[in-house]
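Chemist: prediction below, plus the sequence it came from.
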Amino acid sequence: MSRIETFERLRAVGTATVSMQLLKRGLRHTAVAGVKPLAAGQGCVVGEAYTLRFLPLREDLSDPSVLGAPGYAPRVAIEECPPGAILAVEARGIATTGTLGDILAGRLAKRGVAAVVADGAVRDGAGVTATGLPVWCLGSAAPASLTELSGGSVQVAIACGNVTIFPGDVLVCDGDGVVVVPAALADAVAADAVEQDRFERWVQARVQEGRPTIGLYPPNPETKAEYEAWKTSGATTP
């Protein structure tokens, strides 16, 4: 399965179905805690993680002069996060300072970055939204990151919303939040998620007919046989 097809499948099913597939594989801590869409209508975005880690504030590392310093990680991330990737930011769960504002969001949008996921806030929330860059975060705040955070590293393992994210992991983001799919599992999760989604749509149709959920969801052997017969029939609607 190509990466494009995998991402299309994950985008079609969304976070709830993906999280269930991860649960079936024994992965329970995959939903980034607390983050929500910054704006309504961002849809479902899927992409590989490019990571940025902030550190706790240390005043000698957070003088405003560092913003123009070569190698300052938060600015490196803005220029190096690849088109189509999702910038995943460890901001230590601090919602009272912004990890980026409208200018940096505009640059990411111009470069084709797919989205930002941060367990922190953004500045200039309305301006960030106006750039069209989808953002999942803890909200907006006026102070700059330097008031509470120090720049750290890019493309390292991070802890974002109590979830470990490695560079290259696949993030699925929608109205319910963000789920992290380990890169090695993405193809299999996508394939099984499509089948789960088809079964659940079939179940929903039976519920609308008045069927009780016991024996239907989860399915007992009779329900499984009924569903398999429906699939074999070639029917296009549940």
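Modeler: Nice, thanks for sending it over. Everything numeric in this text was worked out from a predicted model, so none of it was measured.
Chemist: how does the chain divide up, domain by domain?
Modeler: Listed by automatic domain parsing, the domain ranges of the chain are 28-181, 188-233.
Chemist: among these, which is the most enclosed?
Modeler: domain 28-181 (a mean of 19; mean count of other Cβ atoms under 10 Å). To be clear about C-beta, it is placed using only N, CA and C from the backbone, and glycine gets the same treatment.
Chemist: for that domain, give the mean pLDDT please.
Modeler: Averaging pLDDT along domain 28-181 yields 96.
Chemist: run the chain-centre distance for that domain.
Modeler: Taking Cα atoms, centre = their mean, to the nearest Å, one finds the center of domain 28-181 at 11 Å from the center of the full chain.
Chemist: swap in stretch 17-37?
Modeler: That offset, for stretch 17-37, works out to 10 Å (Cα atoms, centre = their mean).
Chemist: first-to-last residue distance for that stretch?
Modeler: This stretch, stretch 17-37, spans 18 Å end to end (Cα to Cα, to the nearest Å).
Chemist: all the strands of the protein, residue numbers only.
Modeler: For the chain, applying DSSP state E gives strands covering 36-37, 45-56, 86-90, 115-118, 135-137, 149-154, 158-160, 163-165, 170-174, 177-181.
Chemist: kindly reformat these as JSON lines containing distance to Arg9.
Modeler: Below are the strands of the chain laid out as JSON lines (distance: least, Cβ to Cβ, whole Å):
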{"stretch": "strand 36-37", "distance to Arg9": "21"}
{"stretch": "strand 45-56", "distance to Arg9": "9"}
{"stretch": "strand 86-90", "distance to Arg9": "17"}
{"stretch": "strand 115-118", "distance to Arg9": "18"}
{"stretch": "strand 135-137", "distance to Arg9": "20"}
{"stretch": "strand 149-154", "distance to Arg9": "29"}
{"stretch": "strand 158-160", "distance to Arg9": "24"}
{"stretch": "strand 163-165", "distance to Arg9": "21"}
{"stretch": "strand 170-174", "distance to Arg9": "10"}
{"stretch": "strand 177-181", "distance to Arg9": "11"}
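Chemist: list the contacts of the closest residue to Arg28 other than its chain neighbours.
Modeler: Sequence neighbours aside, Leu22 is the residue nearest to Arg28 in space, at 7.9 Å (criterion: Cβ to Cβ, 6 or more residues apart in numbering). By Cβ atoms under 8 Å, 6 or more residues apart in numbering, the residues touching Leu22 are 28, 30, 179, 181, 185, 189.
Chemist: from these, pick the one nearest Phe7.
Modeler: The closest of these to Phe7 turns out to be Val181 (Cβ to Cβ; 10.4 Å).
Chemist: out of the domains of the chain, flag the one nearest Thr17.
Modeler: Closest to Thr17 of those, according to Cβ to Cβ: domain 188-233, at 4.8 Å.
Chemist: from start to finish, how long is the closest one in a straight line?
Modeler: 26 Å.
Chemist: do stretch 176-193 as well
Modeler: 17 Å.
Chemist: about what we covered before: with respect to Val172, which of the contacts of Leu22 is nearest?
Modeler: Among those, and counting by Cβ to Cβ, the member closest to Val172 is Val179, at 4.8 Å.
Chemist: quickly list what the closest one is bridged to.
Modeler: Residues in a beta bridge with Val179, per DSSP bridges, are Ala31, Val172.
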